[in-house]
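Undergrad: just coords:
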């Protein structure tokens, strides 16, 4: 039989347990990630998330005194999940735009997603102007194809060759059937960690930058942004970039340069 005293003790114990659970929940950082976006985020064979942004988000969480917990989301679902506060942070190489800043907040950027000119090692092509008289490979339907065709006359590019697969494009570059390739730098740098003999010879600035996306004015925005600043200053960002892209980030890029929190 429960006495009033026993009831009070039990209620107190339950209250303490609930309080401990709440504290634990409050100390976690809920991260949503799209699972098929290498090298930024993807699931390995054991089903665990890995990737460039996974390392950034988990390290930023730890520096903010939080335990990172990553969940699987479709790309479009990430925006609703942050807005409804089901998750604290979304990662999926999400470009910071004026439109998105109307309803979301972002930390300072940590990646500049430009296009680039890739060549075989030893090539004399070192700038976009050096594409004059050259045959350039592109992925059909890509922004790289659009840039090359828009600039073909101005840069004097002799021919444009379209491909459906990135690997086929670089096999032709290695064989000398094209002189250079224009494509997104992130995907190329990741490919070059596995397919040797190529490098990005020149960057084509598009202005796109990635950051951690959060609900508008999220209370943890400042803490996570400060953590990213510290990671830039102490070289952690450089190490993460080298791990996933096989090269150091460009000097002056957002991966190494402190920047303000983006405003709408």
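TA: Great, that's in hand. Bear in mind that the values here come from a model prediction, so they are computed numbers and not experimental data.
Undergrad: mind checking which helix or strand residue 46 is in?
TA: Per DSSP states H and E: residue 46 is located in neither a helix nor a strand.
Undergrad: distance of the residue positioned nearest the centre of the chain from residue 33?
TA: Residue closest to the average C-alpha location in the chain (Cα atoms, centre = their mean): residue 93, at 3.6 Å. Distance of residue 93 to residue 33, given as Cβ to Cβ, to the nearest Å: 10 Å. In short, each C-beta sits where N, CA and C put it, glycine included.
Undergrad: Find the residues that touch each one of those two.
TA: Residues touching both residue 93 and residue 33 (Cβ atoms under 8 Å, 6 or more residues apart in numbering) are residue 53.
Undergrad: can you give me the helices in the stretch 101-250 of the chain?
TA: With DSSP state H, counting those that start in this stretch as the criterion, the stretch 101-250 of the chain has helices at 143-155, 166-175, 185-192, 221-233, 236-245.
Undergrad: Can you tell me which of the ones you listed is nearest to residue 260?
TA: Among the helices of the stretch 101-250 of the chain, helix 221-233 comes nearest to residue 260, with 9.0 Å by Cβ to Cβ.
Undergrad: Now residue 87. Nearest residue, chain neighbours left out?
TA: residue 32 (4.0 Å; Cβ to Cβ, 6 or more residues apart in numbering).
Undergrad: Which residues does the one you found form beta bridges with?
TA: Residue 32 has the following beta-bridge partners by DSSP bridges: residue 71, residue 90.
Undergrad: Would you confirm that it contacts residue 74?
TA: No. Taking Cβ atoms under 8 Å as the definition, residue 32 is not a contact partner of residue 74, at 9.5 Å.
Undergrad: Between the two, which has more neighbouring residues?
TA: residue 32 (26 against 13; other Cβ atoms under 10 Å).
Undergrad: Any idea which of the helices of the stretch 101-250 of the chain gets closest to residue 88?
TA: Residue 88 sits nearest to helix 221-233 of all those, at 8.5 Å, using Cβ to Cβ.
Undergrad: for that closest one, which positions count as buried?
TA: 221, 223-225, 227-229, 231-232 (16 or more other Cβ atoms under 10 Å).
Undergrad: Equivalent analysis for stretch 255-262, please.
TA: Neighbour-count burial for stretch 255-262 flags 255-257, 259, 262 (criterion: 16+ other Cβ under 10 Å).
Undergrad: sorry, back to before: kindly report which one of the helices of the stretch 101-250 of the chain carries the lowest mean pLDDT.
TA: The weakest mean pLDDT among the helices of the stretch 101-250 of the chain belongs to helix 185-192, with a mean of 86.
Undergrad: can you give me how far it is from the chain middle?
TA: 12 Å (Cα atoms, centre = their mean, to the nearest Å).
Undergrad: Please find the angle between the direction vectors of it and helix 143-155.
TA: 110 degrees (axes from the mean of the first three to the mean of the last three Cα atoms, to 10 degrees).
Undergrad: Now tell me what touches helix 185-192 from outside.
TA: For helix 185-192, using Cβ under 8 Å, 6+ apart, the contacting residues are 38-40, 93, 111, 113-116, 118, 166-167, 170, 181, 198-200, 203, 244-247.
Undergrad: Report the buried members of those.
TA: 38-40, 93, 111, 113-116, 118, 166, 170, 181, 198-200, 203, 244-246.
Undergrad: In strands, which of the residues you listed appear?
TA: 111, 115-116, 118, 181, 198-200, 203 (DSSP state E).
Undergrad: if we can go back for a sec, with distance to residue 133 as new columns, can the helices of the stretch 101-250 of the chain be given to me in JSON lines?
TA: Shown next, in JSON lines, are these (distance: least, Cβ to Cβ, whole Å):
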{"stretch": "helix 143-155", "distance to residue 133": "10"}
{"stretch": "helix 166-175", "distance to residue 133": "16"}
{"stretch": "helix 185-192", "distance to residue 133": "23"}
{"stretch": "helix 221-233", "distance to residue 133": "40"}
{"stretch": "helix 236-245", "distance to residue 133": "30"}
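Undergrad: Of those helices, which is nearest residue 46?
TA: Of all these, the one in closest proximity to residue 46, counting by Cβ to Cβ, is helix 236-245 (18.3 Å).
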